[in-house]
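Trainee: For reference, the sequence and a predicted model appear below.
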Amino acid sequence: MMEEQARMMQALSGVTLAGHSVQGGMGLPPPHGHEGTDGDGRKQDIGDILHQIMTITDQSLDEAQAKKHGLNCHRMKPALFSVLCEIKEKTGLSIRGAQEEDPPDPQLMRLDNMLLAEGVSGPEKGGGSAAAAAAAAAAGGGADNSIEHSDYRAKLTQIRQIYHTELEKYEQACNEFTTHVMNLLREQSRTRPISPKEIERMVGIIHRKFSSIQMQLKQSTCEAVMILRSRFLDARRKRRNFSKQATEILNEYFYSHLSNPYPSEEAKEELAKKCSITVSQVSNWFGNKRIRYKKNIGKFQEEANLYAAKTAVTATHAVAAAIQNSQANSPTTPNSGFQMKDEEFQLDSAESKNSLLTNMFTGGYHTPCYQSDNRIQ
DNA sequence: GCATATGATTTGAT
DNA sequence: ATCAAATCATATGC
């Protein structure tokens, strides 16, 4: 701040110095006046010159101040000044009118919204973390992921703190600079025509510049948050197996609909609700299950039998409740009916496997029939 | 530590 | 949009 002022003063004095030097001559010796003199003499000359320059600077500074003061006190000065102001006002208005627009930057708004959404700029610590904890508890349904969430929140708080301190710094710098410039302009407005509106405009320019710097801060903060998110919330990195219960429910559905293991949207929703997982997780599970089952039916046979028996038992119970005196329903072979239903998917997959194998051995590359369209939707 | 299991993602087809 | 298939990346059991 003070340095700038000093520099400006120096520049100012330099101007007046030049003006004076033309008039007064100053008695500076020409640089290439005489050649061949001894070194000591030249050093002395340089020293003299430097000294002169120093004193001139000091003198001219005072002179300039004095001259300025004299000019200010001139009897014609106010009149001249007002005329200059008027002229400038007239020319300045058109310029100002042309570039006076302040549309809210969509990019900035986007960043602001995101920072607000991520809890960086919006509510303070208490509300934000409480909400996050509540969300974690609701989504996770357990304490297993609370540790990583707290870690995440700690990092987020760190980012938020940095963001706020930086923002404050910018704000402060902006204010300081603005008041400095305003003071400077106000000071100068005594000697040259500067209207208050012009000062206002200058302040606007400064603010815009600073807000563009602020946007950079916001941008990098957003980036940091995104990186943090991808690090902590990327489900692929921190995969959790579903609960035993959930897997049970999903398997039950899968094996009891083996002929058509494609749950409808409603069924998926219901399964998701029962397993306390998302619908897309249900979709993923069925996608994985279908492909893995198909790839190696043998491996899943035991599981298939287990779940078939299980559903059969519950079905049997239901039937038994309805038809009390049934005697043909033996618990050893209850799943025959279900197995029949399963045929389609099993046959389908077996066929595909076979054709793939034959193709491999024969070298033929004909598309297996399963690819065509015997999928049931 | 390694093999296997498993949830998620990507790619390409329909 | 949804699916199959391949693939990735982590979890888990030994």
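Mentor: Yep, that arrived.

Trainee: With DNA strand C as the reference, measure out to A:Ile159.
Mentor: In this structure, A:Ile159 and DNA strand C are 22 Å apart, going by Cβ to the nearest atom of the strand, to the nearest Å. For every residue, glycine as well, the C-beta is placed using N, CA and C.

Trainee: burial measure for that residue, as a count.
Mentor: A:Ile159 has 21 neighbouring residues, counting by other Cβ atoms under 10 Å.

Trainee: swap in A:Ile162?
Mentor: 15.

Trainee: With A:Gln281 instead?
Mentor: The local packing of A:Gln281 (other Cβ under 10 Å) involves 18 other residues.

Trainee: Now for it: which residues touch it?
Mentor: By Cβ atoms under 8 Å, 6 or more residues apart in numbering, A:Gln281 lies in contact with A:Phe242, A:Ala272, A:Cys275.

Trainee: and which of those residues is nearest DNA strand C?
Mentor: Among the contacts of A:Gln281, A:Phe242 lies closest to DNA strand C (Cβ to the nearest atom of the strand), at 9.6 Å.

Trainee: Hmm, A:Ile249 and the closest one touching each other?
Mentor: No: using Cβ atoms under 8 Å, A:Phe242 is not in contact with A:Ile249; the gap is 9.3 Å.

Trainee: and the contacts of A:Gln281, which of them are in strands?
Mentor: Judged by DSSP state E, strands contain none of the contacts of A:Gln281.

Trainee: ok so, going back, identify the contacts common to A:Phe242 and A:Ile249.
Mentor: Residues touching both A:Phe242 and A:Ile249 (Cβ under 8 Å, 6+ apart) are A:Cys275.

Trainee: tell me the secondary structure for A:Leu258?
Mentor: Secondary structure assignment for A:Leu258 (DSSP: H, G, I helix; E, B strand; the rest coil): coil.

Trainee: So it versus DNA strand B, what's the distance?
Mentor: A:Leu258 sits 16 Å away from DNA strand B, going by Cβ to the nearest atom of the strand.

Trainee: Give me the pLDDT for that residue.
Mentor: Reading off the confidence values, A:Leu258 has pLDDT 94.

Trainee: Number of residues surrounding it?
Mentor: 22.

Trainee: ok, it to A:Ser264 distance?
Mentor: 16 Å (Cβ to Cβ, to the nearest Å).

Trainee: and what of A:Arg240?
Mentor: According to Cβ to Cβ, A:Arg240 and A:Ser264 sit 26 Å apart.

Trainee: Could you do A:Ser283 as well?
Mentor: A:Ser283 sits 11 Å away from A:Ser264, going by Cβ to Cβ.

Trainee: So which of those two has more stuff around it?
Mentor: Neighbour tally, A:Ser283 and A:Ser264, criterion other Cβ under 10 Å: the higher count belongs to A:Ser283, 16 against 9.

Trainee: Buried residues, the helix or strand harbouring that one. List them.
Mentor: Assessed by DSSP states H and E, A:Ser283 sits inside helix A:279-295. By neighbour count on 16 or more other Cβ atoms under 10 Å, the buried set for helix A:279-295 is A:Gln281, A:Val282, A:Ser283, A:Trp285, A:Phe286, A:Lys289, A:Arg290, A:Tyr293, A:Lys294.

Trainee: Check stretch A:293-307 too.
Mentor: Neighbour counts over stretch A:293-307 (16+ other Cβ under 10 Å) mark A:Tyr293, A:Lys294, A:Phe300, A:Ala304, A:Tyr307 as buried.

Trainee: Widest-spaced pair of those residues?
Mentor: Pairwise distances across the buried residues of stretch A:293-307 (Cβ to Cβ) peak at 16.4 Å, for the pair A:Lys294 and A:Tyr307.

Trainee: before we move on, back to that, now the buried residues of helix A:279-295 as JSON lines including distance to A:Arg160 and pLDDT?
Mentor: JSON lines is the format used below for the buried residues of helix A:279-295 (distance: Cβ to Cβ, whole Å; pLDDT from 0 to 100):
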{"residue": "A:Gln281", "distance to A:Arg160": "31", "pLDDT": "96"}
{"residue": "A:Val282", "distance to A:Arg160": "35", "pLDDT": "97"}
{"residue": "A:Ser283", "distance to A:Arg160": "36", "pLDDT": "97"}
{"residue": "A:Trp285", "distance to A:Arg160": "37", "pLDDT": "98"}
{"residue": "A:Phe286", "distance to A:Arg160": "40", "pLDDT": "98"}
{"residue": "A:Lys289", "distance to A:Arg160": "42", "pLDDT": "97"}
{"residue": "A:Arg290", "distance to A:Arg160": "44", "pLDDT": "97"}
{"residue": "A:Tyr293", "distance to A:Arg160": "47", "pLDDT": "96"}
{"residue": "A:Lys294", "distance to A:Arg160": "49", "pLDDT": "95"}
